[in-house]
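Participant: sequence first, then the predicted structure, then my questions.
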Amino acid sequence: MNKGKVFLVGAGPGDPKLITVKGMECLQAADVIAYDRLVNKELLAYAKKGAELIFCGKLPGKHALIQEQINRLLVEKAEQGLIVVRLKGGDPCVFGRVGEEAEELANSGIPFEIVPGITAGIAAPAYAGIPITHRDHASSFAIVTAHGREQKGEDHINWEALAQGIDTIAFYMGVGNLPHICSQLIHHGKKPSTPVALIEWGTTTVQRTVTGELSTIEQKAKEHQITNPAIVLVGEVVGLREKISWFEDAILKQPMTL
Ligand code: SAH
């Protein structure tokens, strides 16, 4: 029997319309869709009739085992000749473990494609009225995971380089680690008055944004009870939001239309 094929697809950051045309075509063609926790479930309505939908949400503390099971599932389904879509939030290559899955597929000789998506660290700021670069304010941008590893002595982040060399920084999985992020950036040379935005559930109809400074944002996060999924965005560009915030006002006034 012919081998099937696996498409590792970015679903976009939340607003279901932010999936790519190619991503949507893959969804519509799929026999099997294996989707992650942060994928907007509205997208599953585009699956063809009879497609098998498999939830692959990861349980905290069980990542390794479950990732192995997912890898095996993709291989097994493709070996049955099926078209498989592995649907991930945002872009599959940004903290999406696509490398591990693609490696397993390559090892097993399964054909696959990677379909990029719009990542939350760019899209959530855009929906909050914050362009991540700007001719006058920011000419560099970094994507960083801030996932609690420093507690185990495994913080591999080069804080000095980040603080001194990068204008705009998007931290993923960073809310729980906010005090550490702010103190490290200040310690390594960012001004305590550097603007920060926390954007929770970006690009969805429940998006919330809280702004402050490196020295004040921890308190504000507590006051507003900001939780993951959220982007911690650090940089002068955050100030632009005052003028060009557009989405949160629009969703307050009316349901989203094009
Ligand atoms: N592959 C994804 C990131 C997965 S890691 C992407 O490219 O966007 C999960 C982290 O992404 C969350 O903890 C959060 O920091 C961020 N994230 C994902 N969706 C988000 C959203 N709608 N709003 C804000 N942050 C989001």
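Facilitator: It's in.
Participant: stretch 41-59 near the ligand anywhere?
Facilitator: No: using Cβ under 6 Å from any ligand atom, stretch 41-59 never reaches the ligand; the gap is at least 10.5 Å. C-beta: built from backbone N, CA, C; applies to glycine.
Participant: and that stretch, what's its mean pLDDT?
Facilitator: Averaging pLDDT along stretch 41-59 gives 92.
Participant: show me which positions of that stretch end up buried.
Facilitator: For stretch 41-59, burial by neighbour count (16 or more other Cβ atoms under 10 Å) applies to Leu43, Leu44, Tyr46, Ala47, Ala51, Cys56.
Participant: hey, what's the residue in the chain that the ligand sits nearest to bridged with?
Facilitator: Here the chain gets closest to the ligand at one residue, Gly90, 2.0 Å apart by Cβ to the nearest ligand atom. For Gly90, the residues forming beta bridges with it (DSSP bridges) are Gly12.
Participant: isn't it right next to Gly96, touching?
Facilitator: Yes: using Cβ atoms under 8 Å, Gly90 makes contact with Gly96 at a distance of 7.0 Å.
Participant: and those two? which has more neighbours close in?
Facilitator: Between Gly90 and Gly96, counted using other Cβ atoms under 10 Å, Gly90 has the larger neighbour count: 30 against 21.
Participant: outside of whatever helix or strand Pro125 lives in, which residues touch it?
Facilitator: Following DSSP states H and E, one finds Pro125 within helix 120-127. Residues outside helix 120-127 that contact it (Cβ atoms under 8 Å, 6 or more residues apart in numbering): 12-15, 18, 89-90, 94, 131-132, 143, 170, 172, 197, 199, 202-203, 207, 229-231, 233, 237, 247-248.
Participant: pull out the buried members of the residues you listed.
Facilitator: Neighbour counting with 16+ other Cβ under 10 Å marks 12-15, 18, 89-90, 94, 132, 143, 170, 172, 197, 199, 202-203, 207, 229-231, 233, 237, 247 as buried within the contacts of helix 120-127.
Participant: return the subset of those lying in strands.
Facilitator: Using DSSP state E, Ile143, Ala170, Tyr172, Ala197, Ile199, Ala230, Ile231, Leu233 are the members of the buried ones among the contacts of helix 120-127 that sit in strands.
Participant: would you mind measuring from the last one to His224?
Facilitator: Spelled out, it's Leu233. Separation of Leu233 from His224 (Cβ to Cβ, to the nearest Å): 15 Å.
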